[in-house]
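**Student:** okay, predicted coordinates and the sequence, questions at the end:
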Amino acid sequence: MKKSILFLESVILFISFANAQLQTKSVSVFKNNKAFFIKSGTVSPTGNQYWLTGEIPAALFGTLWFQSPNNTIKSVSSNEQNIETQGTPVNHYEILKANLNKKVILFLGTNESAEGVVQSFSDDYDKETKSYFTPLFVTIKGNSLWQSIKIDDIKRIGFAENPVTSVTSYVKKKVVTVEFNDGKSQPLNMMYLEDGLNWSPNYLLELSSENKGILTLQAQVKNDAEDISNTDVSFVVGNANFKEANKLAWLVDFLPSMPPEYYDANAYSNSVSFKSAVADEAAPPSPEGEGVEGETSEDLFFYNLKNLSLPKGSRSQLELFRAEVEIEHVYEANLSEMIPYNLENYVYQIYASEDPNAKTYHSLKLNNQTKYPWTAGLCFVVNAEKGSKKPISQDLITYTPIKGNNSLKLTESSDIKVSQTERESERKTNVRKRGDIQFDKITVDAEIKIKNYKAKDVKMNITRLVSGELLKSSADWKKTDKINYSNYLNKTTAVIWETNVKAGDEKLIKYSYTIVVRAN
């Protein structure tokens, strides 16, 4: 039995050594709380086997792969093993075990004691369950007497020399075993997708003049997966498709799953960005952007950082780029849209509508001339034109490809009033029937009024979804037909008017269209 235990102990010691040979080489972090790890190293199997224990990764289904460049992997499996641990003794058995072959005095009662050298213990291993347990007896050798003493009867232990205060014990844990075709030292790669490592893009836009600003992208990182030390880390932009990676791989499905609401602010360390996004700069950055290296792979973009350390449980802020961007101030109003269902199911003897106070929003049109795509994320806007920074707004920047543009909403503008009135000007009766229901075709004349109370000229964008057939407009319009999924009698068109309104002026836009309405 002792020989088998000694062999098991040597195997366990090797497990602890072998596990340290695979090192994390790169990590790709996605915005959906998933990260892709690649680890590699040279391993030295024992009996054709390499054991992975300790921090076994919580790899997701279908993403855990072991590869050997020499193609020598025979199989990969997982099972339970007794793992050796070193620690401070916590009971009389562990104290005696740590001081095997040392002289002790065992105090068994008020006036009873036994003295001798610790020789051995009764059985402490169950072959059926392959588990260690506390034995019943310890055997000591005195000057002329061997004694087996029940461990539970020991009240106190005395030593004739300085005792050992560290003991070897065994904990049953799962081990992943890679079996090779031979026992030679060879390279081994492991890759997998794991939950618990996430990044969120945050933007800061500092308005430096009427038509320019400085845009900074910062990655906020939350690592609840595993320690990352001096590793190449990429933050991924794009919509990756991991269809079935929502449960653990079968090989590691004995690991506990982390609840999604797991959070304890006091448990986390924090690291700050390596460059402050709000620091005063002697000169603005270039329009292309100054920041980390990036690369495109298929439909994804990777912001690459070298030698990054992210301890498990940490929260970090990392600047990815800063760039000077061109901006254009635009005021937008969205007029109330028409509802095709109502037009075809409610009777309109006379058609008229009014939208007296359409909300007008001040937005910024941003052109992406940088060398990076802009992933969707919240943008905090401050005005820095007069030296001190004043908060303006926070809203979402939508995904913007290189050379593309987007619209960032700032505030609601009370200095620009937009209203619309519509009136029926002509009607043709009974143009269509559906059973006993009759439909008329009417012509609608509409008028949009824009009043600019500001002391500066503004660019206006007016949008509306219009049902029916568009006829004419006094101002240029852009039209986009919408798909008629419900097979309504009237088609729907998205219309946008782009126009400039001088300071203090009022502008009228007149347009017309025809619609089919229910008549009875």
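**Tutor:** All right, it came through fine.

**Student:** which of the three states applies to residue 493?
**Tutor:** Per DSSP: H, G, I helix; E, B strand; the rest coil, the local secondary structure of residue 493 is strand.

**Student:** that one: what's it in contact with?
**Tutor:** 465, 466, 470, 479, 480, 481, 482 (CB atoms under 8 Å, 6 or more residues apart in numbering). Every residue, glycine included, has its C-beta placed from N, CA and C.

**Student:** beta partners for the fifth one?
**Tutor:** Put plainly, it is residue 480. Beta-bridge partners recorded for residue 480 (DSSP bridges): residue 494.

**Student:** what's the neighbour count on it?
**Tutor:** 10 (other CB atoms under 10 Å).

**Student:** ditto for the last one
**Tutor:** Other residues within reach of residue 482, judged by other CB under 10 Å, total 12.

**Student:** just the residues contacting stretch 131-139, thanks.
**Tutor:** 82, 91, 93, 96, 118-126, 146-152, 154, 169-170, 172.

**Student:** now the buried members of these.
**Tutor:** Among those, those classed as buried by 16 or more other CB atoms under 10 Å are 82, 93, 96, 118, 121, 124, 125, 149, 151, 154, 169, 170.

**Student:** check whether the first one sits in a helix, strand or coil.
**Tutor:** Judged by three-state DSSP, the three-state class of residue 82 is strand.

**Student:** that one and residue 89, how far apart?
**Tutor:** 18 Å (CB to CB, to the nearest Å).

**Student:** same thing with the third one?
**Tutor:** Using CB to CB, we find residue 96 at a distance of 9 Å from residue 89.

**Student:** which SS class is the residue in the chain sticking out farthest from the centre?
**Tutor:** If you look at how far each residue of the chain sits from its centre, by CA atoms, centre = their mean, the farthest one is residue 144, at 70.3 Å. Here residue 144 is recorded as coil under three-state DSSP.

**Student:** let's have the chain start at 56 instead
**Tutor:** Got it, the first residue is 56 from now on, which makes the last one we talked about residue 199.

**Student:** and the pLDDT at residue 289?
**Tutor:** Per-residue pLDDT puts residue 289 at 94.

**Student:** so what pLDDT did residue 59 get?
**Tutor:** pLDDT at residue 59 comes out at 42.

**Student:** do residue 182 as well
**Tutor:** 83.

**Student:** next one: it from residue 423, what distance?
**Tutor:** For residue 182, the distance to residue 423 - CB to CB - is 68 Å.

**Student:** ditto for residue 214
**Tutor:** For residue 214, the distance to residue 423 equals 74 Å [CB to CB].

**Student:** of the two, which one has the most company?
**Tutor:** Ranked by neighbour count (other CB under 10 Å), residue 214 and residue 423 place residue 423 first, with 22 against 13.

**Student:** and the residue lying closest to the more buried one once chain neighbours are set aside, how many neighbours?
**Tutor:** The shortest distance from residue 423 to any non-neighbouring residue, by CB to CB, 6 or more residues apart in numbering, is to residue 455 (4.7 Å). Using other CB under 10 Å, residue 455 has 19 other residues around it.

**Student:** show me where the protein has helices.
**Tutor:** 57-74, 147-153, 395-400 (DSSP state H).

**Student:** got the buried residues for the shortest one?
**Tutor:** Read that as helix 395-400. 395, 398, 399.

**Student:** please apply the same query to stretch 428-448.
**Tutor:** Result for stretch 428-448 [16+ other CB under 10 Å]: buried residues 428, 429, 430, 432, 434, 435, 436, 437, 439, 447, 448.

**Student:** including distance to residue 107 and pLDDT, could those go into a markdown table?
**Tutor:** Shown next, in a markdown table, are the buried residues of stretch 428-448 (distance: CB to CB, whole Å; pLDDT from 0 to 100):
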| residue | distance to residue 107 | pLDDT |
| --- | --- | --- |
| 428 | 37 | 90 |
| 429 | 40 | 92 |
| 430 | 34 | 91 |
| 432 | 37 | 92 |
| 434 | 43 | 95 |
| 435 | 44 | 95 |
| 436 | 49 | 95 |
| 437 | 49 | 94 |
| 439 | 52 | 86 |
| 447 | 52 | 92 |
| 448 | 50 | 93 |
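
**Student:** want to throw those residues into TSV with distance to residue 495?
**Tutor:** Converted to TSV, the buried residues of stretch 428-448 look like this (distance: CB to CB, whole Å):
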residue	distance to residue 495
428	50
429	49
430	50
432	50
434	48
435	52
436	49
437	55
439	58
447	49
448	46
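
**Student:** ok, now which ones touch residue 351?
**Tutor:** Per CB under 8 Å, 6+ apart, neighbours of residue 351: residue 357.

**Student:** distance between stretch 503-520 and the chain's centre?
**Tutor:** Here the centre of stretch 503-520 is set off from its chain's centre by 40 Å, with CA atoms, centre = their mean, to the nearest Å.

**Student:** who's the closest residue to residue 95 other than its chain neighbours bridged to?
**Tutor:** Nearest in space to residue 95, with sequence neighbours left out and distances taken as CB to CB, 6+ apart, is residue 244 at 4.5 Å. Using DSSP bridges, the beta-bridge partners of residue 244 come out as residue 95, residue 122.

**Student:** go ahead and confirm residue 244 touches residue 92.
**Tutor:** No: shown here, residue 244 and residue 92 do not form a contact pair, counting by CB atoms under 8 Å, at 11.0 Å.

**Student:** so which of the two has more stuff around it?
**Tutor:** Taking neighbours as other CB under 10 Å, residue 244 and residue 92 compare with residue 92 leading, 22 against 15.

**Student:** got a list of what that one touches?
**Tutor:** Residue 92 touches 79, 81, 82, 112, 245, 246, 247, 248, 249, 281, counting by CB under 8 Å, 6+ apart.

**Student:** make it 7 Å
**Tutor:** Contact analysis of residue 92 by CB atoms under 7 Å, 6 or more residues apart in numbering lists 79, 82, 112, 246, 247, 249.

**Student:** now do residue 100
**Tutor:** 235, 238.

**Student:** so what does it look like in phi/psi?
**Tutor:** phi -60, psi 150 (degrees, to the nearest 10).

**Student:** so of the contacts of residue 92, which ones are in strands?
**Tutor:** Counting by DSSP state E, these place 79, 82, 246, 247, 249 in strands.

**Student:** max pairwise distance over the contacts of residue 548: which two?
**Tutor:** The distance between the two most remote of the contacts of residue 548 (CB to CB) is 12.5 Å, for 525 and 537.

**Student:** can you check the pLDDT for residue 373?
**Tutor:** On the pLDDT scale, residue 373 is placed at 93.

**Student:** so it touches residue 275, yeah?
**Tutor:** No: at 8.2 Å, residue 373 and residue 275 do not qualify as touching, with contact defined as CB atoms under 7 Å.

**Student:** neighbour-wise, which of these two wins?
**Tutor:** Higher neighbour count among residue 373 and residue 275: residue 373, with 22 against 16, using other CB under 10 Å.
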